[in-house]
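Engineer: Turn this into a structure:
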Amino acid sequence: MKLKEVMDELGLEYVCGELDKEVVHGYTCDLLSEVMGNAKPDTLWVTVQSHMNIIAVATITGIRGIILCNGHDYDEQTIRKAKEEGITLFKTQENSFVVSGKLYALGLR
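Structural biologist: Next up, the predicted model:
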């Protein structure tokens, strides 16, 4: 599924990055070491973490995009680094549980 389709289906707020990337997995976690150890390439990551280290984790694991939940905002450093590394960023007011359920219903595993 393309990130653009996910954005439209979930009503996500677009922050930056390419929308044409394909994702096949979803992963929900706020502990960076867990994400590094368990997330698969071509994943859409659901979290409440917004600091710049999430971009490094996404780059290492092959994560294509990040959904920031609970109405949190990314800082400018994080957005700048995401643009440099080609990581797509979204945000939403919804919590991680709700977003994860919606991604699962769309077919991401």
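Engineer: what about the strands in this structure?
Structural biologist: For the chain, the strands defined by DSSP state E occupy 13-16, 25-28, 43-47, 65-68, 88-91.
Engineer: Contacts only, for the residue lying closest to Thr78 once chain neighbours are set aside.
Structural biologist: Distance criterion C-beta to C-beta, 6 or more residues apart in numbering; nearest residue to Thr78, sequence neighbours excluded, is Met52 at 4.8 Å. The way it works is simple: take the backbone N, C-alpha and C, and place the C-beta from them, glycine included. By C-beta atoms under 8 Å, 6 or more residues apart in numbering, the contact set of Met52 is Asp75, Gln77, Thr78, Lys81.
Engineer: Most neighbours among those residues, please name it.
Structural biologist: Of all these, the most densely surrounded is Thr78 (23 neighbours; neighbours counted as other C-beta atoms under 10 Å).
Engineer: ok, now how distant is that residue from Lys40?
Structural biologist: Separation of Thr78 from Lys40 (C-beta to C-beta, to the nearest Å): 22 Å.
Engineer: How about Ile55?
Structural biologist: Counting by C-beta to C-beta, the gap from Ile55 to Lys40 is 18 Å.
Engineer: Which one's more surrounded, these two?
Structural biologist: Neighbour totals were compared for Ile55 and Lys40, and Ile55 leads with 24 against 13 (other C-beta under 10 Å).
Engineer: residues contacting that one?
Structural biologist: When the contact criterion is C-beta under 8 Å, 6+ apart, the partners of Ile55 are Thr78, Lys81, Ala82, Glu85, Ile87.
Engineer: Please name the residues that touch the most centrally placed residue in the chain.
Structural biologist: Central residue of the chain (C-alpha atoms, centre = their mean): Ile66, 1.3 Å from the mean position. By C-beta under 8 Å, 6+ apart, the contact set of Ile66 is Leu44, Trp45, Val46, Thr47, Ile54, Ala58, Ala82, Ile87, Thr88, Leu89, Phe90.
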